[in-house]
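Peer 1: Mind folding the following:
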Amino acid sequence: MAITSVSSNPYEALGLTNITTTSEDQEQGTLLMDDYLALMTTQLKNQDPLEPMDNGDFLAQIAQFATVSGIGDLNTSFSDFSTSMQSDQAIQGAALVGRSVLVASSIGMMTAEEGMQGQINVADPVNDLKVSIYSESGALVRTIDMGSASGYTNFSWDGIDENGEALTPGVYQFKATGTVQGNNAAFSTATVAKVDSVLVGGGSQGLILNLGGIGSVPFSEAQEIT
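Peer 2: Model (predicted):
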C-alpha cells in the first residue's frame, strides 16, 4: 500500500508502537529528526512494489521533515533569545535601584531631606492652580498656591504644614485643582518616588519597580527617570 502523507502520529500510520527516547532533552511522545528519517526508511522498505511512492510524495515528506527540524531550531533560538532578554532586564533593573522615577499617582513619600515632589498635567490653562496635601487619614495639612499654570507643571512640598510645623516623614495624599471656565476642575498628577527594589517579571510582564510609599509599579509606567 502506498503511503502518500504523514499523519499526526506517523508511528500509528505505519502500524508501529510509539517509541520514547531516553534523552533528557526530549519530551515523551515527541519526534526528532532521526525518528522521522527512520520512519521514512521503514516506509520505503514496506511500500507496495507494484505501486511505489512517487517522487512527489517522497519530496513532500522530506520537506515536512525539514520543516519539523526548522521549527525545532527556531524554538531553540527563541528560548536562547528569551534567556538573553531576561539577563538584560536583570542588569537594567539593578541599575535602577536607588534612582528616582516619576509615575502617575495621587500619593507620594515625603522625606525630611527632600520633602515631596510631583508633577501636574494642567490640561487647560488656569490662573489659580492649587495643590492640596492630605495626611493618610485624609486630613488637609497644607494648600500650596501655584498661581497661573499650563501644561506639565512641577511642584514640591517641604513637609511644613499650614501652621509652619514640620510634619512626620511618610506617605501623604495630594490633589491639584483650578478654575476652568468658571468651574472647579481636578488635574491628573504624578509623583517622584525612589526605587527600593526591582523584580524581573516573566513572559510579557517585564520589570516591576517597588517604589517607596507607592508599591509595585510596572516599569512601563515610569514617565521619567532621574
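Peer 1: helix/strand/coil for Ser220?
Peer 2: Three-state assignment for Ser220 (DSSP: H, G, I helix; E, B strand; the rest coil): helix.
Peer 1: Quick one: residues contacting it.
Peer 2: Contacts for Ser220 (Cβ atoms under 8 Å, 6 or more residues apart in numbering) come out as Gly206. The C-beta positions use only the backbone N, C-alpha and C, and glycine is treated the same way.
Peer 1: just the strands in the protein please.
Peer 2: 100-104, 107-110, 116-134, 140-157, 170-180, 183-200, 207-211, 215-218, 222-225 (DSSP state E).
Peer 1: pLDDT of the longest one, averaged?
Peer 2: Going back to what we said before, that points to strand 116-134. Computed over strand 116-134, the mean pLDDT rounds to 94.
Peer 1: What of the last one?
Peer 2: Mean pLDDT, computed over strand 222-225, is 88.
Peer 1: what residues does that strand touch?
Peer 2: Leu96, Arg99, Ser100, Val101, Leu102, Val103, Ala104, Ala190, Leu209.
Peer 1: Buried members of these into PyMOL, please.
Peer 2: The following PyMOL line selects those of those that are buried, judged by 16 or more other Cβ atoms under 10 Å:
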select buried, resi 96+100+101+102+103+190+209
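Peer 1: now the contacts of strand 222-225 in TSV, with distance to Ser137 and pLDDT?
Peer 2: Output for those, formatted as TSV (distance: Cβ to Cβ, whole Å; pLDDT from 0 to 100):
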residue	distance to Ser137	pLDDT
Leu96	32	83
Arg99	31	90
Ser100	26	91
Val101	27	92
Leu102	26	94
Val103	23	94
Ala104	23	94
Ala190	23	96
Leu209	27	88
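Peer 1: Please tell me how far the closest residue to Val122 other than its chain neighbours sits from Asn127.
Peer 2: The shortest distance from Val122 to any non-neighbouring residue, by Cβ to Cβ, 6 or more residues apart in numbering, is to Ala149 (4.7 Å). According to Cβ to Cβ, to the nearest Å, Ala149 stands 8 Å off from Asn127.
Peer 1: Looking at these two, which has the bigger crowd around it?
Peer 2: Ala149 (19 against 10; other Cβ atoms under 10 Å).
Peer 1: from what I can see that one touches Gly178, true?
Peer 2: Yes: the criterion here is Cβ atoms under 8 Å, and Ala149 meets it with Gly178 at 7.3 Å.
Peer 1: Kindly point out which residues are neighbours of both of those two.
Peer 2: The overlap between the contact sets of Ala149 and Gly178 (Cβ under 8 Å, 6+ apart) consists of Val122, Val126, Leu129.
Peer 1: Please identify, among these, the one with the most neighbours.
Peer 2: Leu129 (23 neighbours).
Peer 1: Residues touching stretch 172-180, excluding its own?
Peer 2: Contacts for stretch 172-180 (Cβ under 8 Å, 6+ apart): 106-110, 116, 118, 120, 122, 124, 126-136, 138, 141, 146, 149, 155, 157, 184-187, 189, 191.
Peer 1: just stretch 150-167 next, same as before
Peer 2: 110-112, 115-122, 124-126, 129, 131, 133, 135, 141-144, 146, 169, 172, 174, 176.
Peer 1: Okay then, goodbye and thanks.
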